[in-house]
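# can't give you the sequence, but here's the structure:
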């Protein structure tokens, strides 16, 4: 019986076109980055990356999420999320990832931000395991990149500062 299930699984997996398998994989998108605190003495910024995980298939769990963030092509941060992430079927879920950015590791970013009109190019690489059953737990890699306008971000900060000062 188990051998029959294994054979059927192998035949099914080998006949599924690669494109449809790729489109059924969970995808990760970067929603935002927020600064929690900056320790100027140690040149560390405590941040929180907000990601959206899109699940086009059935409900599943993700484990062992590891991630790396590059800013203007320089390694800025990396981390690992040790909690299990449960994704509902055909839905998206937002996950907040703690991330410490070593400000001393990216000295060229500040100048490139100023020279580039206050835009930051980011690349977010992630890797996670999808535990289907013990012998089959594929490791999925995904990478996204884009540009973040600091001008727009700072204007959002000023509105929040005004709200806090006025008590609203």
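Done, it's in. Just so it is clear, the structure is predicted and the values come from calculations on it, not from any experiment.

# C-alpha from now on. contacts and neighbour counts both.
Will do.

# which residues of this structure fall in helices?
2-15, 18-23, 107-115, 150-166 (DSSP state H).

# and the ones you listed, which one's lowest on average pLDDT?
Of all the helices of the chain, the segment with the smallest mean pLDDT is helix 2-15, scoring a mean of 34.

# pLDDT weak spots in the chain?
Low-confidence segments of the chain (pLDDT under 70): 1-23, 105-118, 150-168.

# can you rerun that using 90?
Counting by pLDDT under 90, the chain has low-confidence residues at 1-40, 42-53, 60-62, 65, 67-82, 85, 97-124, 126, 128-140, 142-168.

# quick one, strands of it?
Remark: strands assigned in the chain by DSSP state E are 27-39, 44-55, 60-71, 74-81, 85-87, 91-102, 119-129, 139-149.

# buried sites along stretch 71-90?
71-72, 74-81, 85, 87-88 (16 or more other Cα atoms under 10 Å).

# right, I mislabeled it, should have said stretch 128-148
The neighbour-count check on stretch 128-148 (16+ other Cα under 10 Å) flags 128-130, 141, 143, 148 as buried.

# same question, stretch 43-56
44-56.

# tell me which of those is nearest to residue 98?
residue 48 (4.6 Å; Cα to Cα).
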